[in-house]
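starting from these lines, generate the structure:
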Amino acid sequence: MIWFILVITAVVFVVIETILEKKALSDARTFNFTAMFAFGNAIISIPLLLVADLTLINWQILILIYIASVFSTITSLLIFKVIKHESISEVAPILAILPLVVSLFAYLILGETLSLFQTSGLILMVGGILILEFSNYKYSNGIFRKGRKKYILYIILSLILGAIGAIFDKALLSNFNVNPLAYLALIQLFIGINYIFFIGIKPKLFPSFKSDLSRYWLIIILIALSVVFHRYLYLSAIKIAASVGLVVAVFKLSALFNVFVGRKFFAETDILKKVLATFVVLAGLFMLILN
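Numbers count the residues shown, from 1 in each chain. Got it, this is the predicted structure:
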């Protein structure tokens, strides 16, 4: 169960990142923070190219990795926008259904079917979301409250694009046998380049970006180091595990820790309901991807 140890260790780094990200996002503009986040990851990742195995990297592989980076770039921007404006403990359980989306994509693209056991998991997941948000419909609070529809759209898009990214990860690491360290360094470099394009298209963003960079450069370095560690562990697990859905499901244990992070560090409310919902969602996830 080496892959399981790798993923659990990655989850620890993700929780650390979440704390740092939420604190920085409370003041910085979302785009500025996301761009700094991408540049920090790219800078930390570049030295990895000196030690990574690049023997299997060719132009076709580079093109596929760049396409994967586009999905990752948009996904990260959407998620950061949601995290900035919504509570972590409420958003995290919803984002935890990513393995469901991955499984659905596998069904549509690869023809994989769900067993009765997995279908029961799907029902549990939906039930968890209802536990999380039932009172929101009644009292018009939470992420489904009036005027927050765009954040629901952001979450839906991030789930779809994140699932596509997971499929790219599995294909490149397993089918094309790309070295995880090489893949990590290249995709982070490409994501950084994508944000350079964004700033080039809208140069008026640069002054505020420069201002935020002078304030948050240290926290960005800390986050980047954590990201490189957790991404390498996560990609290594995907490469050796039999199921990408299982890896993603275990990785989403970070959703449960994020619920407690919301209570401990940001004084979010109604935490017991959110913990219960997270347990139900994660239980459904495991039923969905286990045979």
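
what sits against residue 234?
If you count contacts by C-beta atoms under 8 Å, 6 or more residues apart in numbering, residue 234 has them with 6-7, 10, 247, 251. Backbone N, C-alpha and C define where each C-beta goes, glycine included.

I'd guessed residue 208 sits against residue 29; true?
Yes: if you go by C-beta atoms under 8 Å, residue 208 and residue 29 touch, sitting 6.1 Å apart.

list phi and psi for residue 176.
Phi and psi for residue 176, reported as degrees, to the nearest 10, are phi -100, psi 0.

what pLDDT does it get?
Predicted confidence (pLDDT) for residue 176: 88.

quick one: it and residue 62 touch, right?
No: applying C-beta under 8 Å as the test, residue 176 and residue 62 come out as separate, 11.4 Å apart.

of those two, who's got more company?
For residue 176 versus residue 62, the count of surrounding residues by other C-beta atoms under 10 Å is larger for residue 176: 15 against 12.

contacts only, for that one.
Residues in contact with residue 176 (C-beta under 8 Å, 6+ apart) are 56, 61, 64.

now whatever helix or strand residue 219 lives in: buried residues?
Element membership of residue 219, judged by DSSP states H and E, is helix 206-240. By neighbour count on 16 or more other C-beta atoms under 10 Å, the buried set for helix 206-240 is 209, 212-213, 216, 219-220, 223-239.

now tell me what touches the helix or strand following it from outside.
Downstream of helix 206-240, the next assigned helix or strand under DSSP H and E is helix 244-251. The list of residues contacting helix 244-251 from outside it, by C-beta under 8 Å, 6+ apart, reads 3-4, 7-8, 10-11, 14, 98-99, 102-103, 106, 166-167, 169-170, 234, 237-238, 241, 282, 285-286, 288-290.

in the chain, which spans are helices?
For the chain, the helices defined by DSSP state H occupy 2-25, 30-45, 59-85, 88-95, 98-110, 116-139, 149-170, 180-201, 206-240, 244-251, 254-266, 271-289.

just the C-alphas of stretch 12-23, formatted as PDB.
This file holds the C-alpha atoms of stretch 12-23, laid out as PDB (Å, rounded to 0.1, in the frame of the first residue of the first chain):
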ATOM      1  CA  VAL A  12      -0.900  16.800   5.100                       C
ATOM      2  CA  PHE A  13       0.800  19.200   2.800                       C
ATOM      3  CA  VAL A  14      -2.500  20.200   1.200                       C
ATOM      4  CA  VAL A  15      -4.000  21.100   4.600                       C
ATOM      5  CA  ILE A  16      -1.000  23.400   5.300                       C
ATOM      6  CA  GLU A  17      -1.400  25.000   1.900                       C
ATOM      7  CA  THR A  18      -5.100  25.600   2.600                       C
ATOM      8  CA  ILE A  19      -4.400  27.500   5.800                       C
ATOM      9  CA  LEU A  20      -1.800  29.700   4.100                       C
ATOM     10  CA  GLU A  21      -3.900  30.200   1.000                       C
ATOM     11  CA  LYS A  22      -7.000  31.300   2.900                       C
ATOM     12  CA  LYS A  23      -5.000  33.800   4.900                       C
END
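
going forward can the numbers begin at 40, since that is how I track them
Understood, numbering begins at 40; the last thing we discussed is stretch 51-62.

ok now it, how far from the chain's centre?
12 Å (C-alpha atoms, centre = their mean, to the nearest Å).

my guess is residue 130 contacts residue 121. True?
Yes: with contact defined as C-beta under 8 Å, residue 130 counts as touching residue 121 (5.5 Å).
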